[in-house]
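Undergrad: Take a look and give me a structure for this.
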Amino acid sequence: MSATDTVSSKSATTVDFQPYLFFYGRCEEALNFYKEVFGGTYEVQRNSDAPQDMQQHLPSGQGDRIMHGRFTAPGLTFMAADGRVSKTIDADEGNISLAISYGDEPTGRRVFDGLAQGGKVTMPLQEAFWGGKFGIVQDRFGIEWMITTP
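TA: Predicted structure coming up:
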(Lines give C-alpha, C1' and ligand atoms only; values in the text may rest on other atoms or scores of the structure.)
Protein backbone atom coordinates (compact mmCIF):
# COMPACT_ATOMS: atom_id res chain seq x y z
CA MET A 1 0.00 0.00 0.00
CA SER A 2 1.38 3.39 -0.92
CA ALA A 3 1.09 6.61 1.08
CA THR A 4 -1.53 7.76 -1.43
CA ASP A 5 -3.64 4.64 -0.76
CA THR A 6 -3.41 5.25 2.98
CA VAL A 7 -4.53 8.86 2.68
CA SER A 8 -7.41 8.06 0.34
CA SER A 9 -8.71 5.27 2.61
CA LYS A 10 -9.16 7.55 5.64
CA SER A 11 -12.71 8.20 6.76
CA ALA A 12 -14.16 11.46 8.00
CA THR A 13 -14.40 10.05 11.55
CA THR A 14 -12.32 11.86 14.16
CA VAL A 15 -9.93 9.52 16.00
CA ASP A 16 -7.45 10.36 18.73
CA PHE A 17 -4.94 7.54 19.32
CA GLN A 18 -2.66 7.64 22.36
CA PRO A 19 -0.56 5.18 24.35
CA TYR A 20 -1.73 4.45 27.90
CA LEU A 21 1.18 3.66 30.22
CA PHE A 22 0.87 1.89 33.58
CA PHE A 23 3.37 2.55 36.39
CA TYR A 24 1.99 0.40 39.25
CA GLY A 25 2.26 2.85 42.12
CA ARG A 26 4.94 5.09 40.57
CA CYS A 27 2.76 7.10 38.13
CA GLU A 28 3.22 10.49 39.79
CA GLU A 29 6.96 9.92 40.00
CA ALA A 30 7.02 8.99 36.30
CA LEU A 31 4.91 12.00 35.27
CA ASN A 32 7.23 14.36 37.17
CA PHE A 33 10.23 12.70 35.51
CA TYR A 34 8.73 13.14 32.03
CA LYS A 35 7.81 16.73 32.87
CA GLU A 36 11.49 17.42 33.61
CA VAL A 37 12.68 15.61 30.48
CA PHE A 38 10.13 16.82 27.92
CA GLY A 39 8.76 19.95 29.54
CA GLY A 40 4.99 20.17 29.39
CA THR A 41 2.31 19.53 31.96
CA TYR A 42 0.08 16.79 33.30
CA GLU A 43 -3.33 16.45 34.88
CA VAL A 44 -4.50 13.55 37.04
CA GLN A 45 -7.62 12.02 38.53
CA ARG A 46 -7.01 10.02 41.67
CA ASN A 47 -8.98 7.04 42.89
CA SER A 48 -10.38 9.35 45.56
CA ASP A 49 -11.99 11.43 42.76
CA ALA A 50 -14.17 8.47 41.69
CA PRO A 51 -17.76 8.11 42.93
CA GLN A 52 -18.02 6.65 46.43
CA ASP A 53 -19.55 3.37 45.21
CA MET A 54 -16.42 2.75 43.11
CA GLN A 55 -14.05 3.72 45.93
CA GLN A 56 -15.50 1.15 48.31
CA HIS A 57 -14.22 -1.65 46.03
CA LEU A 58 -10.61 -0.48 46.37
CA PRO A 59 -8.24 -1.90 48.97
CA SER A 60 -7.55 0.58 51.76
CA GLY A 61 -4.80 3.10 51.11
CA GLN A 62 -5.45 3.31 47.34
CA GLY A 63 -7.14 6.75 47.33
CA ASP A 64 -3.99 8.67 46.37
CA ARG A 65 -3.14 6.35 43.48
CA ILE A 66 -3.61 7.86 40.04
CA MET A 67 -6.65 6.43 38.27
CA HIS A 68 -6.07 8.47 35.10
CA GLY A 69 -3.46 10.98 33.99
CA ARG A 70 -2.77 12.86 30.80
CA PHE A 71 0.69 14.17 29.95
CA THR A 72 1.12 16.83 27.26
CA ALA A 73 4.31 18.35 25.87
CA PRO A 74 5.07 19.84 22.44
CA GLY A 75 4.44 17.02 19.94
CA LEU A 76 3.81 14.42 22.64
CA THR A 77 0.69 13.28 24.47
CA PHE A 78 0.09 10.09 26.43
CA MET A 79 -2.15 8.84 29.19
CA ALA A 80 -0.97 7.15 32.35
CA ALA A 81 -2.14 5.51 35.56
CA ASP A 82 -0.90 3.55 38.53
CA GLY A 83 -2.70 0.53 37.09
CA ARG A 84 -5.19 -1.92 38.42
CA VAL A 85 -4.45 -3.21 41.86
CA SER A 86 -4.89 -6.83 40.74
CA LYS A 87 -2.31 -6.64 37.93
CA THR A 88 1.23 -7.45 38.92
CA ILE A 89 4.31 -6.19 37.13
CA ASP A 90 5.32 -8.78 34.55
CA ALA A 91 7.88 -7.79 31.94
CA ASP A 92 6.55 -10.47 29.59
CA GLU A 93 2.99 -9.17 29.93
CA GLY A 94 3.87 -5.52 29.41
CA ASN A 95 2.50 -2.32 30.91
CA ILE A 96 0.81 -0.54 28.04
CA SER A 97 -2.72 -0.31 26.71
CA LEU A 98 -3.78 1.50 23.57
CA ALA A 99 -6.41 4.21 24.05
CA ILE A 100 -8.59 5.49 21.22
CA SER A 101 -11.18 8.25 21.51
CA TYR A 102 -13.78 8.36 18.73
CA GLY A 103 -15.78 11.44 17.80
CA ASP A 104 -18.99 9.42 17.44
CA GLU A 105 -20.51 6.52 19.38
CA PRO A 106 -21.49 4.28 16.43
CA THR A 107 -17.92 4.15 15.10
CA GLY A 108 -16.50 3.53 18.58
CA ARG A 109 -19.05 0.75 19.14
CA ARG A 110 -18.22 -0.86 15.77
CA VAL A 111 -14.49 -0.85 16.54
CA PHE A 112 -15.03 -2.12 20.11
CA ASP A 113 -17.22 -4.98 18.87
CA GLY A 114 -14.74 -5.80 16.12
CA LEU A 115 -11.82 -5.97 18.53
CA ALA A 116 -13.89 -8.24 20.81
CA GLN A 117 -14.28 -10.85 18.04
CA GLY A 118 -12.12 -13.72 19.26
CA GLY A 119 -10.94 -11.58 22.17
CA LYS A 120 -12.13 -10.80 25.68
CA VAL A 121 -14.22 -7.87 26.94
CA THR A 122 -12.71 -6.68 30.21
CA MET A 123 -15.19 -3.82 30.67
CA PRO A 124 -18.22 -3.41 28.40
CA LEU A 125 -18.55 -0.16 26.47
CA GLN A 126 -20.89 1.66 28.83
CA GLU A 127 -21.72 5.04 30.37
CA ALA A 128 -18.74 6.51 32.23
CA PHE A 129 -19.08 8.71 35.31
CA TRP A 130 -16.90 11.39 33.66
CA GLY A 131 -19.18 11.53 30.62
CA GLY A 132 -19.48 9.61 27.38
CA LYS A 133 -18.90 5.88 27.13
CA PHE A 134 -15.83 3.83 27.97
CA GLY A 135 -14.87 0.18 27.61
CA ILE A 136 -11.84 -2.08 27.66
CA VAL A 137 -11.32 -5.03 25.35
CA GLN A 138 -8.39 -7.37 24.79
CA ASP A 139 -8.14 -8.43 21.16
CA ARG A 140 -7.34 -11.97 20.01
CA PHE A 141 -3.64 -11.05 19.92
CA GLY A 142 -3.59 -10.03 23.59
CA ILE A 143 -3.49 -6.25 22.97
CA GLU A 144 -5.62 -4.25 25.42
CA TRP A 145 -7.66 -1.43 23.89
CA MET A 146 -9.39 1.32 25.89
CA ILE A 147 -12.18 2.85 23.79
CA THR A 148 -13.90 6.18 24.58
CA THR A 149 -16.90 7.68 22.73
CA PRO A 150 -19.16 10.66 23.35
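
Undergrad: pLDDT weak spots in the chain?
TA: 1-12, 85-95 (pLDDT under 70).

Undergrad: need the contact list for Gly83.
TA: Taking C-beta atoms under 8 Å, 6 or more residues apart in numbering as the criterion, Gly83 is in contact with Phe22, Phe23, Tyr24, Gly25, Cys27, Asn95. (Each C-beta comes from the backbone N, C-alpha and C, glycine too.)

Undergrad: actually Gln18, not the one I wrote
TA: Counting by C-beta under 8 Å, 6+ apart, Gln18 makes contact with Thr77, Phe78, Met79, Ala99, Ile100, Ser101.

Undergrad: Which of these ranks first by neighbour count?
TA: For the contacts of Gln18, the largest neighbour count, defined by other C-beta atoms under 10 Å, is 21 neighbours, found at Ala99.

Undergrad: would you say it is within a strand?
TA: Yes: applying DSSP: H, G, I helix; E, B strand; the rest coil, one finds Ala99 inside a strand.

Undergrad: Tell me the spacing between it and Thr14.
TA: According to C-beta to C-beta, to the nearest Å, Ala99 and Thr14 sit 15 Å apart.

Undergrad: Dump the contacts of Gly83 to a markdown table, plus neighbour count and distance to Leu115.
TA: Compiled in a markdown table, these are given as follows (neighbours: other C-beta atoms under 10 Å; distance: C-beta to C-beta, whole Å):
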| residue | neighbour count | distance to Leu115 |
| --- | --- | --- |
| Phe22 | 21 | 19 |
| Phe23 | 19 | 24 |
| Tyr24 | 16 | 24 |
| Gly25 | 15 | 28 |
| Cys27 | 23 | 25 |
| Asn95 | 14 | 20 |
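
Undergrad: which of those residues lies closest to Lys35?
TA: Nearest to Lys35 out of the contacts of Gly83 is Cys27 (C-beta to C-beta; 12.4 Å).

Undergrad: picking up where we left off before, so which of the contacts of Gly83 belong to strands?
TA: Among the contacts of Gly83, the members falling in strands (DSSP state E) are Phe22.

Undergrad: Check the contacts of Gly83 and tell me the two furthest apart.
TA: Farthest apart among the contacts of Gly83 by C-beta to C-beta are Gly25 and Asn95. That separation is 11.7 Å.

Undergrad: distance between stretch 47-62 and the chain's centre?
TA: Chain-centre distance of stretch 47-62: 19 Å, with C-alpha atoms, centre = their mean, to the nearest Å.

Undergrad: Many thanks, have a good one.
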